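In: can't give you the sequence, but here's the structure:
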């Protein structure tokens, strides 16, 4: 699946739960791939890499820039809490909410 | 919806092109840079005196502000010029070639502005940014402490609930604050119940005390101060980003921006040193021969010129990454700052050598840059800290996971 497909799916172009699920899976895959490379540790979708002490002082900034650039969104201060970026799965929920995927709009 | 806001990696130009500020910035393509060049030419005769007297006169600061150069990359709606990263860089190179304190003024003002633009609320941006762009307020960045330099997570400054629901108190002692002697507001890094927190502290509040620093190695005109805060009450509206994110997000965004402007300031310093050394070598005749006739002198000039040109290209590369808000922008900025600080240090050293006694005179620009360049190798991330990060990035690309702690021990035994 290309980046363009994900954005389309994430932005709810179909409104189809199956497509939303596929988008979620693909977002999680990309985020996990980034985290694994950046932290030089295999990172699972539910791993709290901050708690595991894997992140250095510049990592948060790199992660925000990655998420914004890869998923074409803007992280605002209102989006920041310690938890939204704690695991790959949480980042996926954040991306889906931010890009307006219908099934996630009111959750999390 | 977010036109022109600056990302940690710097999205100034990337998004700016979609907004009014960006349009203004591109229409006036080189005008902020041209303004900086004019200002630099006008101010260059005064820099040695500022250094000697240990202050950048208020008139000089006003001129920088009047030209819109204090935080030139802010979007137009906040009173900025919407300058692109490359334009911001060239501005800092012009000012840095004249005086590090002058460039330092832009560095601190624009780094605090960038952090607020990135992580301030809509209300905070509307309240603070226009005053920072205009120079009505001068900002300082207060992170370093006695026991927290490169390791900023160790800051001991406390941000505590004042118990009235509307305020916090800030208590601690911050060191080496550029323009701390008369900054109106400080972006302070502290801890709220152990969580890194960022808060704006106006310096006219009760409990703020300042201790001017003078006679330090370099940046002598930067009106550096150590600042004490004794239970200073500030409104909760001055807290920037939620507690816990003061270092990883707010201070990190400020420092990332600071590294970029310092890198370009260093490019300007190195270029000025190369120019001064070449001019002297060409004109100075000893015996029957110009200094430039000696191979050893030509070698010094050549090495300094190449290192300086390399630093400029890396700074331009960082500017491109920032303009695209590309994920590598943070690292490319570190690479640029590392290379440019090294180039400024070696070009200034060689320039003093070529200039000889002229380089040692009290008013020598190369001599002043020589002292300041050493400081550049320390501020906004010491060279050795930068190397750690650059090497780590390289190791990431290898794709090999880091060894487990147990595995490391096994290897060592």
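Out: Structure's in. What do you need? Bear in mind that the values here come from a model prediction, so they are computed numbers and not experimental data.
In: shaky segments in the chain?
Out: The chain I'm using is chain A. Counting by pLDDT under 70, chain A shows low-confidence ranges at A:1-20, A:82, A:101-108.
In: actually it's chain B I care about, not the one you picked
Out: Using pLDDT under 70, the flagged stretches of chain B are B:1-30, B:405-413.
In: show residues contacting stretch A:85-95.
Out: A:10, A:24, A:27-28, A:31-32, A:35, A:43-51, A:60, A:63-64, A:67, A:71, A:73, A:79, A:83-84, A:104, A:107-108 (CB atoms under 8 Å, 6 or more residues apart in numbering or on different chains). For every residue, glycine as well, the C-beta is placed using N, CA and C.
In: oh, I was asking about stretch B:348-362
Out: By CB under 8 Å, 6+ apart, stretch B:348-362 touches B:48, B:52, B:269-270, B:273-274, B:276-277, B:280-281, B:291, B:297, B:300-301, B:303-304, B:364, B:366-367, B:369-370, B:372-373.
In: could you rerun that using 6 Å?
Out: Stretch B:348-362 is contacted by residues B:273, B:276-277, B:280-281, B:297, B:300, B:304, B:366-367, B:369-370, B:373 when judged by CB atoms under 6 Å, 6 or more residues apart in numbering or on different chains.
In: and those, which are buried?
Out: By neighbour count, with 16 or more other CB atoms under 10 Å in any protein chain shown, the contacts of stretch B:348-362 hold B:273, B:276-277, B:280-281, B:297, B:300, B:304, B:366-367, B:369-370, B:373 as buried.
In: which of those lies closest to chain A?
Out: residue B:373 (24.2 Å; CB to the nearest CB).
In: tell me how far the host helix or strand of that closest one lies from the chain's centre.
Out: If you go by DSSP states H and E, residue B:373 is part of helix B:365-376. Distance of helix B:365-376 from its chain centroid, counting by CA atoms, centre = their mean, to the nearest Å, is 15 Å.
In: sorry, back to before: list just the nearest of the buried ones among the contacts of stretch B:348-362 to residue B:79.
Out: Nearest to residue B:79 among the buried ones among the contacts of stretch B:348-362: residue B:369, at 31.7 Å, using CB to CB.
In: chain A versus the nearest residue to the closest one once chain neighbours are set aside, what's the distance?
Out: Of all residues not flanking residue B:369 in the chain, residue B:348 sits nearest, at 4.2 Å (CB to CB, 6 or more residues apart in numbering or on different chains). Distance of residue B:348 to chain A, computed by CB to the nearest CB, to the nearest Å: 28 Å.
In: give me the number of residues near residue B:348?
Out: 31 (other CB atoms under 10 Å in any protein chain shown).
In: follow-up on the earlier one: so which of the contacts of stretch A:85-95 also contact chain B?
Out: A:60, A:64 (CB under 6 Å from any CB of the partner chain).
In: for PyMOL, what selects the buried ones among the contacts of stretch A:85-95?
Out: The buried residues among the contacts of stretch A:85-95 can be selected in PyMOL (16+ other CB under 10 Å) with this line:
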select buried, chain A and resi 10+24+27+28+31+32+35+43+45+47+49+50+60+63+64+67+71+73+84+104
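In: domain map for chain B?
Out: B:12-138, B:141-242, B:247-398 (automatic domain parsing).
In: by how many degrees do the helix or strand that contains residue B:342 and helix B:365-376 diverge?
Out: Per DSSP H and E: residue B:342 is located in helix B:329-355. Per axes from the mean of the first three to the mean of the last three CA atoms, to 10 degrees, the angle that helix B:329-355 makes with helix B:365-376 is 150 degrees.
In: next secondary structure after helix B:329-355?
Out: Next along from helix B:329-355, by DSSP H and E: helix B:357-360.
In: got a list of what residue B:234 touches?
Out: residue B:201.
In: quick one: it and residue B:382, what's the gap?
Out: Relative to residue B:382, residue B:234 is positioned 31 Å away (criterion: CB to CB, to the nearest Å).
In: for residue A:64, same thing?
Out: From residue A:64 to residue B:382 the distance is 24 Å (CB to CB).
In: show me where the stretch 201-350 of chain B has helices.
Out: B:252-283, B:295-323, B:329-355 (DSSP state H, counting those that start in this stretch).
In: is it true that residue B:70 touches residue B:135?
Out: Yes. Between residue B:70 and residue B:135 there is a contact at 5.0 Å, judged by CB atoms under 6 Å.
In: neighbour count for these two, which is higher?
Out: Neighbours were counted for residue B:70 and for residue B:135 using other CB under 10 Å; residue B:70 has more, 26 against 23.
In: got the contact list for that one?
Out: Going by CB under 6 Å, 6+ apart, the list of residues near residue B:70 reads B:64, B:109, B:135.
In: now the last one. Nearest residue, chain neighbours left out?
Out: So that's residue B:135. residue B:65 (2.8 Å).
In: do the same with the second one
Out: Excluding its sequence neighbours, the residue lying closest to residue B:109 (CB to CB, 6+ apart) is residue B:70, at 4.5 Å.
In: which residues are in contact with residue B:77?
Out: No contacts exist for residue B:77 under CB under 6 Å, 6+ apart.
In: over to it. Which of the three states is it?
Out: helix (DSSP: H, G, I helix; E, B strand; the rest coil).
In: what about residue 74, neighbour count?
Out: Since no chain was named, I'll use chain A. A count of nearby residues for residue A:74, using other CB under 10 Å, gives 16.
In: if you could check chain B rather than the one you did, that'd help
Out: Residue B:74 has 31 neighbours, counted by other CB under 10 Å.
In: need the distance between the two termini of stretch B:50-68.
Out: 22 Å (CA to CA, to the nearest Å).
In: can you tell me what sits against that stretch?
Out: Against stretch B:50-68 from outside (CB under 6 Å, 6+ apart): B:35, B:39, B:70, B:81, B:101, B:135, B:214, B:220-221, B:223, B:368.
In: kindly check the end-to-end length of stretch B:238-245 for me.
Out: End residues of stretch B:238-245 are separated by 14 Å (CA to CA).
In: that stretch: how far from the chain's middle?
Out: That offset, for stretch B:238-245, works out to 22 Å (CA atoms, centre = their mean).
In: just the strands in the chain please.
Out: You didn't say which chain, so I picked chain A. Under the criterion DSSP state E, chain A contains no strands.
In: actually, chain B is the one I wanted.
Out: Counting by DSSP E, the strands of chain B are B:139-142, B:158-161, B:167-177, B:185-192, B:195-202, B:208-212, B:225-235, B:239-240, B:285-286, B:289-290.
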